[in-house]
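Colleague: coords please:
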Amino acid sequence: AVRDALGSFSSKISCELCDEAFKLVDDLVHSRKTVKVALEAAVELCERAILPHTRYWDVDAVCPGLINIYSVSIIEVFMTVGVAPTEFCQELHLCPANATARPSPKRALTTPPATVDSAAAGAIAEFQRAAAAAAATATASSTTAGSVAGAQRPVKTAHTPLAGGGVATGAVRTAPASGRATGACEGFRVLQLSDMHTDLKYEVGTQVDCGRLTCCRAEDGPGDAGQWGSLHCDLPAATLDHLLAHIAALSCPPDLITWTGDNPPHALDEQTPESQLEVTVALTRKLRAHFPHTPVFPCIGNHDAAVANLWAMWKPEYKLFADTFALEWAHWIGLEAAASLAAYGYYTALARDGLRIVALNTQYWYQENFYFVLNDPPNDPWHMYSWLNATLADARAANEQVILLGHVPPGDADAIPSGGNQYTAIVAPFARDGTVLMQLFGHTHDDQFEVMLSEDEPVGVVFIAPSVTTYFNRNPAWRMYNLRNDTAKAKPTHGGSSAASAATAPPRMALVDFDQYFMNVTEANLLGEPNWQMEYSAKSAYQLEDMTSASWYKLAKRFATGQKDDEELLLAYLDRMSALANPPKEKCDAVCRRGIVCEILSTSASELAKCAL
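Modeller: Reported below is the predicted structural model:
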């Protein structure tokens, strides 16, 4: 998974490391450690968290920047919650919950954080100045090393860089023929673009393995960054332009576009509010230019604000992002939805008669958003869950179908358990009766799916689209969902709707397939031109009877058997996760199969944890 390289930071932080980190913060604010000692200890903890898990980063270059950018918010949240370090790590779901621990106080997100005494405030301010100075020194050192002519950092990878900017993982790979006949455009097509992570500073011919979080930039010195991208870097703007132009020129272009978040590059140690906003605004303008008459419905990803991964609507710096997104996207989603986005970070809008978009802000359940511990009410941040339930109920009453959009999937390990639990409890009844038509997410950079269960019966499918970015060891990918009028199903009436009103409602739609497309970036760099090709069509590739949750559930059960035909399907699924960028997996043993099936059959982290036992 992409987190093998980039890392879900929370997955790298053990309970022991978390406890040490917040004891360090506690010592700093209570003057038990000097700023110099505290900063040295913080760097050492950062290195311990990262170094065992990655072959690509130079911790001396990365850690000072991360500490500088994230320490402000981490200290603020810790001081506001006001509990002991071990309890705080339990709040963050990084340490096992203690059944005897007292409930932690919760502050409303609409109020500022608690104040600290002058001595603590002085220590915090001094630490932050020292961290900023250390980050500036590390950046200058890294830039100087990269800019020296011919200077190259050691390549921290087992792969062999190609002159074209790809990675030698075997022969250039192409997808097999899809077997689908082409013809006149039918039905309704929904495009999903996710995790575009476009680097506006990408430069061809620069260093691919520079040791920093984001490479392939001028300051990294000469190297092998390819014209159309590199498997260790984020996406060049030129590649995104080529992709959008290709889709816009299709004989059957999309009728609707969903954009499921994460737009800026992974430069977590260098980000600024200006650099983060610049990318999302640029991508918005690109989509508007290529699809002037096609509605686009975006949602917020964990990388889309500054500081990335964090989000608190009561803080002006995050409200600025929500306001800017609302302003930029209002021409697509409408003024009422834009007002909701600006106020809460989520919205709903009618895409066409009978079809509603509900765009969630999954930052409210993202584990690395430490501000979630301040949620008030604790289990309904900014009333998103109660709003979701009411919105789906209204859609059902109006005989509307709903496409749910989010970034972090509810069953992903990066989602706090309460988020996935509440999402599943709310959505399952509406997925069962067909009100929820599709659930589209991203974040993992992998091509995956989750089956939503209710009382052990499949009721819905969470589709997780692979990334447009190449980061990390991914081919750029995009997906087209194919919908048709569902004439076999009568239009239901709910909430007292009359038969007459049901008769005048638009026909209900059903998902009949999706087509997954990709571009082999290694091949494109060698040949000088991208070739966007179909990787597979879901029904034929996975031998599905239809696209219902029951069929996807049967597929998951087949993955578990270990029988030859079923294992071949599973290995193909694993191969497609990276859009064919990595060597094919030759075996998935019983432990491997159990892990994959647990991921698929869990739409909350608590379900995933129980399944994995």
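Colleague: pull the longest strand from the protein.
Modeller: Ranked by residue count and defined by DSSP state E, the top strand of the chain is strand 509-519.
Colleague: now for it, which elements pack on it?
Modeller: strand 436-441, strand 477-485, strand 532-537, helix 538-541 (3 or more C-beta pairs under 8 Å, 6 or more residues apart in numbering; DSSP states H and E). (Each C-beta comes from the backbone N, C-alpha and C, glycine too.)
Colleague: out of these, nearest to residue 266?
Modeller: With distances scored as C-beta to C-beta, the stretch of the helices and strands packed on strand 509-519 nearest to residue 266 is strand 477-485 (17.3 Å).
Colleague: using CSV, write down the CA coordinates of the helix or strand harbouring residue 336.
Modeller: Using DSSP states H and E, residue 336 falls within helix 335-344. The C-alpha coordinates for helix 335-344 follow below in CSV (Å, rounded to 0.1, in the frame of the first residue of the first chain):
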residue,chain,number,x,y,z
LEU,A,335,-24.9,28.5,-3.6
GLU,A,336,-26.8,26.6,-1.0
ALA,A,337,-24.3,23.7,-1.1
ALA,A,338,-21.4,26.2,-1.1
ALA,A,339,-22.8,27.8,2.0
SER,A,340,-22.9,24.5,3.8
LEU,A,341,-19.4,23.7,2.6
ALA,A,342,-18.1,27.0,4.0
ALA,A,343,-19.8,26.5,7.3
TYR,A,344,-19.3,22.8,7.9
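Colleague: next SSE downstream of it?
Modeller: Using DSSP H and E, the helix or strand that follows helix 335-344 in sequence is strand 347-352.
Colleague: may I see the buried residues of that following strand?
Modeller: Neighbour counts using 16 or more other C-beta atoms under 10 Å place 347, 348, 349, 350, 351 of strand 347-352 among the buried residues.
Colleague: ok, which stretches of the stretch 451-600 of the chain are helices?
Modeller: Here the stretch 451-600 of the chain has its helices, by DSSP state H, counting those that start in this stretch, at 499-504, 521-527, 538-541, 549-559, 564-576, 590-600.
Colleague: circling back to that earlier point, residues of the helix holding residue 336 that come out buried?
Modeller: Buried residues in helix 335-344, counted by 16+ other C-beta under 10 Å: 337, 338, 340, 341, 342, 344.
Colleague: what do you get for stretch 395-410?
Modeller: 395-396, 398-410.
Colleague: just how off-centre is that stretch within its chain?
Modeller: A distance of 18 Å separates the centroid of the chain from that of stretch 395-410, by C-alpha atoms, centre = their mean, to the nearest Å.
Colleague: quick one: mean pLDDT for that stretch?
Modeller: For stretch 395-410, mean pLDDT is 98.
Colleague: quick revisit: filter the buried residues of stretch 395-410 down to the ones in strands?
Modeller: 401, 402, 403, 404, 405.
Colleague: flag every buried residue along stretch 281-294.
Modeller: The neighbour-count check on stretch 281-294 (16+ other C-beta under 10 Å) flags 282, 283, 284, 286, 287, 290, 291, 294 as buried.
Colleague: which residues sit against that stretch?
Modeller: Residues outside stretch 281-294 that contact it (C-beta atoms under 8 Å, 6 or more residues apart in numbering): 196, 198, 200, 237, 240-241, 244-245, 247-248, 253-257, 259, 263, 296, 298, 324, 328-329, 331.
Colleague: mind showing which ranges of this structure have poor pLDDT?
Modeller: Applying pLDDT under 70 to the chain picks out residues 1-12, 52-55, 98-120, 141-183, 376, 487-504, 612-613.
Colleague: before we move on, back to that, need the max-distance pair from the buried residues of stretch 395-410.
Modeller: So, the buried residues of stretch 395-410 by C-beta to C-beta: farthest apart are 399 and 408, at 30.2 Å.
Colleague: burial measure for residue 316, as a count.
Modeller: Counted by other C-beta atoms under 10 Å, the residues lying close to residue 316 total 8.
Colleague: how about residue 190?
Modeller: 25.
Colleague: just the buried ones out of the contacts of stretch 281-294, please.
Modeller: Among the contacts of stretch 281-294, the ones that count as buried by 16+ other C-beta under 10 Å are 196, 198, 237, 240, 244, 247, 253-257, 259, 263, 296, 298, 324, 328-329.
Colleague: among those residues, which ones are in strands?
Modeller: Those of these lying in strands (DSSP E): 198, 256, 257, 259, 296, 298.
Colleague: residues of the helix or strand hosting residue 387 that come out buried?
Modeller: Assigned by DSSP H and E, residue 387 belongs to helix 384-397. If you call a residue buried by 16+ other C-beta under 10 Å, then helix 384-397 has these buried ones: 384, 385, 387, 388, 389, 391, 392, 393, 395, 396.
Colleague: find the nearest non-adjacent residue to the fourth one, please.
Modeller: Sequence neighbours aside, residue 426 is the residue nearest to residue 388 in space, at 5.6 Å (criterion: C-beta to C-beta, 6 or more residues apart in numbering).
Colleague: neighbours around that neighbour, how many?
Modeller: Using other C-beta under 10 Å, residue 426 has 19 neighbouring residues.
Colleague: did I read that right, it in a helix?
Modeller: Yes. Counting by DSSP: H, G, I helix; E, B strand; the rest coil, residue 426 is part of a helix.
Colleague: who's in contact with it?
Modeller: Residue 426 touches 385, 388, 389, 392, counting by C-beta under 8 Å, 6+ apart.
Colleague: okay if I get those as TSV plus distance to residue 50?
Modeller: Formatted as TSV, these follow (distance: C-beta to C-beta, whole Å):
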residue	distance to residue 50
385	34
388	36
389	40
392	41
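Colleague: show the backbone phi and psi for the residue sitting nearest the centre point of the chain.
Modeller: The chain has residue 443 as the residue nearest its centroid, 1.9 Å off, counting by C-alpha atoms, centre = their mean. Per-residue torsions, residue 443: phi 80, psi -50 (degrees, to the nearest 10).
Colleague: does it really touch residue 465, like I thought?
Modeller: No. Counting by C-beta atoms under 8 Å, residue 443 does not reach residue 465; the two are 9.5 Å apart.
Colleague: shared neighbours of those two, anything?
Modeller: Joint contacts of residue 443 and residue 465 (C-beta under 8 Å, 6+ apart) are 194, 260.
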